[in-house]
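# fold the following and give me the result.
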Amino acid sequence: MNVGEEGPEVIRVALVDDHEVVRMGLAGLLQEQSDFSLVGQAGTISEAMQMMKSTPVDVLLLDVRLPGGSGVEVCRSWKEAQPETRVIMLTSFGDDELLFNSLAAGASGYLLKSARGPQLVDAIRTVSEGGSILDPSLTDRVLQRATHSAPTDPIDTLTAQERRILSLIADGLTNREIGAQVFLSEKTVKHYVSNILAKLGLARRAEAAAYLARREVGADRRSES
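Alright, predicted model coming up:
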């Protein structure tokens, strides 16, 4: 969150939706909140990519379905470029695969567009503080999927960039040195490291290095057998 001149925290929010009427409605709702700052709007994937490169965002409201592509891919790319951004996916339909693909891409929330204004406002504040939001009508689907799914290897939850950074951590590089390798700021690398540790259920980067080393040893043994 961004701290204004007078001290209060302001949540920088951006919108990506191809329907202008929807964007106008959301923009009006956001502008009514004293702790929100609407920092950008986009109606296409290319516009979203341009905004991603130029505009720091705390919470991104992102339509799941966009012309010429998927909001899920925008979410994945945005989390690669700005890992500190919290993404709330918006959709008109409760599509199970889109829901789970969005969560796998790094989204912190998933709401139906039929959600009432106060619900969306509360969701933005919740995810900006590190929480997660799921439309109540979809909660049972997530629980059923989780109950019937096989356990997932934690490393499979890492993005390609996170895996590369994990490898550099294992090589003993500092955040500054990693940043030089992957062309990211030291602060951004720090966010990546925090996300990696959280996904792997680890507390320190030394544990992450040991975790990767154990995996590589196990893979070597399996290839020899």
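
# so Gln41 touches Ala27, yeah?
Yes - using C-beta atoms under 8 Å, Gln41 makes contact with Ala27 at a distance of 6.7 Å. C-beta: built from backbone N, CA, C; applies to glycine.

# can you classify the residue most central in space within the chain by secondary structure?
For the chain, the residue nearest the mean C-alpha position is Gly106 (3.6 Å; C-alpha atoms, centre = their mean). In three-state terms, and counting by DSSP: H, G, I helix; E, B strand; the rest coil, Gly106 is coil.

# next up, the contacts around it.
When the contact criterion is C-beta atoms under 8 Å, 6 or more residues apart in numbering, the partners of Gly106 are Cys75, Arg76, Lys79, Val87, Thr159.

# ok, back up a step: hey, what's in contact with both of Gln41 and Ala27?
With C-beta under 8 Å, 6+ apart as the test, Gln41 and Ala27 both reach Leu15.

# the strand or helix carrying Val13 pairs with which strands?
Taking DSSP states H and E as the definition, Val13 sits inside strand 9-16. Applying DSSP bridges, strand 9-16 is found paired with strand 2-3 (antiparallel), strand 36-42 (parallel), strand 59-63 (parallel).

# mean confidence score for it?
For strand 9-16, mean pLDDT is 94.

# other residues contacting it?
1-4, 23, 26-27, 30, 35-43, 47-48, 51, 55-63, 66, 71, 74, 124-125, 128.

# pull the helix or strand with minimum mean pLDDT from the chain.
Taking mean pLDDT, DSSP states H and E as the measure, the helix or strand of the chain with the lowest value is helix 139-148, at a mean of 50.

# tell me the helix or strand right after that one.
Following helix 139-148 in sequence order, the next helix or strand is helix 160-170 (DSSP H and E).

# in the protein, where is pLDDT below threshold?
In the predicted model, the chain carries pLDDT under 70 at residues 1-8, 94-96, 136-152, 217-225.

# can you pull out the helices in the chain?
20-31, 45-54, 71-81, 96-104, 117-128, 139-148, 160-170, 175-182, 186-200, 205-224 (DSSP state H).

# how about those helices in TSV, adding distance to Tyr110 and mean neighbour count?
Listed next are those as TSV, based on distance: least, C-beta to C-beta, whole Å; neighbours: other C-beta atoms under 10 Å:
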stretch	distance to Tyr110	mean neighbour count
helix 20-31	16	15
helix 45-54	18	16
helix 71-81	10	21
helix 96-104	6	17
helix 117-128	10	18
helix 139-148	9	11
helix 160-170	21	18
helix 175-182	29	16
helix 186-200	18	18
helix 205-224	28	12
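
# distance to Ala14 added to the ones you listed, as a markdown table?
Below are the helices of the chain laid out as a markdown table (distance: least, C-beta to C-beta, whole Å):
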| stretch | distance to Ala14 |
| --- | --- |
| helix 20-31 | 10 |
| helix 45-54 | 6 |
| helix 71-81 | 9 |
| helix 96-104 | 17 |
| helix 117-128 | 11 |
| helix 139-148 | 26 |
| helix 160-170 | 21 |
| helix 175-182 | 24 |
| helix 186-200 | 18 |
| helix 205-224 | 31 |
